[in-house]
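J.: Sharing a sequence plus its predicted fold:
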Amino acid sequence: MVEDFPLEKIRNIAFIAHIDAGKTTVTERILYYTGRTYKVGEVDEGTAVMDWMEEEKERGITITSAATACYWRDYRINIIDTPGHVDFTAEVERSLRVLDGGAVIFDAVAGVEAQSETVWHQADRYKVPRICFINKMDRVGANFQRTIAMIEGRLKARPLPIQFPLGSEGNYRGVIDIVEKRAWSFSGDSKSAPQEIPMSEAESAGCDELRQALIEKLAEIDDQILIAYLDGHTITPAELKGALRRVTIANEGVPVLCGSALKHKGVQPLLDAVIDYLPSPVDMPPVKAVDINGAEVIIPASDEAPFTALAFKVVSDPFVGKLVYFRVFSGKVTTGEQVYNSTRGKRERIGRLLLMHANRREEINEVSTGAIAATLGLKNTFTGDTLCHSSHPVILESISFPEPVLSVAIEPKTSVEQDKMGDALQKLTTEDPTFKVKYDPETGQTVVSGMGELHLEIIVNRLLSEFKVGAKVGRPRVAYKETITRPARAEGRFIRQSGGHGQYGHVWLELEPGERESGFQFTNSIKGAAIPQQFIPAIEAGIKEAMESGVLADYPVVDVKANLYDGSYHEVDSSEIAYKMAASIAFKAAAAKAKPVLLEPIMKLEVVTPEQFLGDIIGDLSSRKAHIESIETSAEMTTVHALIPLAETFGYTTTLRSVTQGRASHTMEFKRYQELPAERVENIKVKVG
């Protein structure tokens, strides 16, 4: 049994950032300084505790979010280290859904990068309070003030610097604590504690100026500081910390710290800031849920309340089976207890309860409010499901994930591998909600879809190495979609007579284009009893089935309004299957008349390059039909922001390396679907046909 912690002394946080900003390095240092590990793990050497998958060790990147817990100043900190690559954005999404606070890591040289913006907006959506840590202050080109200006400008945030760097680049040696008016030096040795050092007159004057600026900023958003400021009262460090905590929890401002995690500089003050400024479960607004009648219910953060938790991650562990990670929002649960999965209406029994430390497990008997744990034995629980006490069934808001944009065909090398591949793919789709599998009966191939080239490459590698499936893999294919551009009507008849009861279904459908990303909308406008009510759900199901493969090139149809406005039925022969078939026939006929078009995924591309290669990069992007949105130039690097069709991005990494001698980098994320130009539609149809 793990020691109980009062809720006020628990912090549930995630480290989030752009790829390579140093999240895992920061986490490894924190685990070392809190005594969770006895040796510092290094990403580059493949010894990082939090990057435990073979793929992560080989590539030096985080692929899956890893959970752990550590202790600092008698507080318990539950940490999730998240991936920074956009292909694994679902890992960030599900982590933020269950956490109370976040530490956003920025690279002091690059500042706010593309994925930094994405994760910041994800945190905005879940109203997660944040602190910022500007990392890599010892690197050439590090610029603390520029990064703060970018946080303010690009993220529309209110940064509140509570530290100022002592020196920069190769001379970076420590920080000035603006709140306490103290200077700290870091030796760079992992075993040495920060040393307090005297400030020079200039440093002391600069600290006073920065502290006054911080107080004035806080006075704009915190009434207690405003009153003290107007009264001329000398504001103490404790009052300043209290105001910073209130402002952070209210999402009105973001405390900013700095350091160099790789060189062990600034990590202990970051831990102090997590305790001082980020919220405990009781500081957060009560979680809202709905009961079985659809009425809103408040879930109090209390051990005395009925048990309520959200399953946010499922992992297929080769040794112990299916692991379900969950966050407890209220109440307690013990090993062997029966719980109710209200999302799926199933009763489940909690098997073993585990505290996770990356891929290592510590068995416990009970989990209470505010905890993040994992359990074995839940057969019917998946990502986003609510677990609760059967006497108090409620459903928490689930987690929404983006749709995949890239596909590859995969087929087993032998018939023996067929079942093995099916089992492995099922486990992978259970783990990753952004990974989809579909069987194509026409080609006999299995088509797997994901968020990008890296995502699919890692899935396929896991299939071959981890699950030992012998399979052949095709080239990546873009996940196009179809839609309609004008209204159309059509009739659908499905009438069969073969002795005895026949089949009779007859409908008239009207299709209209919907707003982009509005999905499918169905309305029933039939007056009277032209079609009995019990057949309407079958008609809607028939339309949805027909939408899975469009009339242009067999891609899914999206953003359509379908209105059922007429039809007829036969007292004896009408059946659900007949109406389902009739609706499918009517939809296909109407869609063919409604001027269907193909939609292609457009990616947001950001290229960071030395200025000397800018012309070559722009030329290459133009040849790939990219639209340049803006170009930003700083002293060191130039950043190109562009929109580019996904179909034009294959092989871009290799081209960029060769054009820039390996000195440029790029990030890409899905932006939107837009209509494919007419001259390229025929090429797509030929490829499919």
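T.: Received, thanks.

J.: C-alpha from now on. contacts and neighbour counts both.
T.: Will do.

J.: which helices and strands sit right next to the helix or strand where Gln674 lies?
T.: Assessed by DSSP states H and E, Gln674 sits inside strand 665-675. Contact here means 3 or more Cα pairs under 8 Å, 6 or more residues apart in numbering; DSSP states H and E; on that basis strand 665-675 packs against helix 114-125, strand 596-609.

J.: Using CSV, list the CA coordinates for the first one.
T.: Output of helix 114-125 as CSV, limited to C-alpha atoms (Å, rounded to 0.1, in the frame of the first residue of the first chain):
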residue,chain,number,x,y,z
ALA,A,114,5.1,24.7,-34.5
GLN,A,115,4.3,21.9,-32.1
SER,A,116,4.7,24.2,-29.1
GLU,A,117,1.7,26.1,-30.5
THR,A,118,-0.3,22.9,-31.0
VAL,A,119,0.2,21.6,-27.5
TRP,A,120,-0.4,25.1,-26.0
HIS,A,121,-3.8,25.3,-27.8
GLN,A,122,-4.6,21.7,-26.6
ALA,A,123,-3.9,22.9,-23.0
ASP,A,124,-6.0,26.0,-23.6
ARG,A,125,-8.9,23.7,-24.7
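
J.: Following it in sequence, what is the next regular element?
T.: Using DSSP H and E, the first helix or strand after helix 114-125 is strand 130-135.

J.: Kindly report the same for the last one.
T.: Going down the chain from strand 596-609, the next helix or strand is helix 614-623, by DSSP H and E.

J.: Show me what Leu605 is bridged to.
T.: On the basis of DSSP bridges, Leu605 is bridged to Ala642, Met668.

J.: pLDDT below threshold where in the protein?
T.: 1-4, 37-66, 84-88, 318-319, 358-359, 440-444, 498-500, 635, 685-689 (pLDDT under 70).

J.: The same query, at a cut-off of 50, please.
T.: Per-residue confidence for the chain (pLDDT under 50) gives these ranges: 1-2, 44-46, 48-53, 56-57, 59, 61-62, 686-689.

J.: Contacts only, for Leu271.
T.: Under the criterion of Cα atoms under 8 Å, 6 or more residues apart in numbering, the neighbours of Leu271 are Ile30, Trp72.

J.: For Thr523, which non-adjacent residue is spatially closest?
T.: Asn563 (4.8 Å; Cα to Cα, 6 or more residues apart in numbering).

J.: Touching the one helix or strand that neighbour maps to from outside, list them.
T.: Using DSSP H and E, Asn563 maps to strand 560-568. Residues outside strand 560-568 that contact it (Cα under 8 Å, 6+ apart) are 483-484, 505-514, 518-526, 530-531.

J.: same thing but at 7 Å, please
T.: 483, 506-514, 519-526, 530-531 (Cα atoms under 7 Å, 6 or more residues apart in numbering).

J.: Restricted to strands, list these.
T.: Judged by DSSP state E, the contacts of strand 560-568 include 483, 506-513, 520-524 as members of strands.

J.: hmm, back to that, enumerate the beta-bridge partners assigned to the residue nearest to Thr523.
T.: Beta-bridge partners of Asn563, as defined by DSSP bridges: Glu510, Thr523.

J.: Tell me how far it lies from Gly492.
T.: Separation of Asn563 from Gly492 (Cα to Cα, to the nearest Å) stands at 13 Å.

J.: Helices of the stretch 201-350 of the chain, residue ranges please.
T.: For the stretch 201-350 of the chain, the helices defined by DSSP state H, counting those that start in this stretch cover 201-219, 223-230, 237-249, 267-277.

J.: quick one: the last one to chain centroid distance?
T.: Distance of helix 267-277 from its chain centroid, counting by Cα atoms, centre = their mean, to the nearest Å, is 25 Å.

J.: Same question for the shortest one.
T.: For helix 223-230, the separation from the chain centroid amounts to 39 Å (computed by Cα atoms, centre = their mean).

J.: cool, and stretch 345-354?
T.: 26 Å.

J.: which parts of it are buried?
T.: With burial defined by 16 or more other Cα atoms under 10 Å, the residues of stretch 345-354 counted as buried are Arg347, Glu348, Arg349, Ile350, Gly351, Arg352, Leu353, Leu354.

J.: quick one: which of those is nearest to Glu576?
T.: Arg347 (31.1 Å; Cα to Cα).

J.: before we move on, the earlier item: if we compare the helices of the stretch 201-350 of the chain, which one ends up closest to Asn135?
T.: That would be helix 267-277 among the helices of the stretch 201-350 of the chain, by Cα to Cα, at 9.9 Å.

J.: the inter-axis angle of that closest one versus strand 130-135?
T.: Interaxial angle of helix 267-277 relative to strand 130-135 (axes from the mean of the first three to the mean of the last three Cα atoms, to 10 degrees): 170 degrees.

J.: Kindly calculate the angle that helix 267-277 makes with helix 237-249.
T.: Using the same axes, to 10 degrees: helix 267-277 against helix 237-249 is 80 degrees.

J.: re the thing from before, quickly note the distance from the residue nearest to Thr523 to Trp508.
T.: Taking Cα to Cα, one finds Asn563 at 9 Å from Trp508.

J.: and the helices and strands packed on strand 665-675, which is most packed in?
T.: strand 596-609 (a mean of 22; mean count of other Cα atoms under 10 Å).

J.: Need the residues that contact it.
T.: Looking at what lies outside strand 596-609 - Cα under 7 Å, 6+ apart - the contacts are 114, 405, 480-485, 552, 637-646, 663-676.
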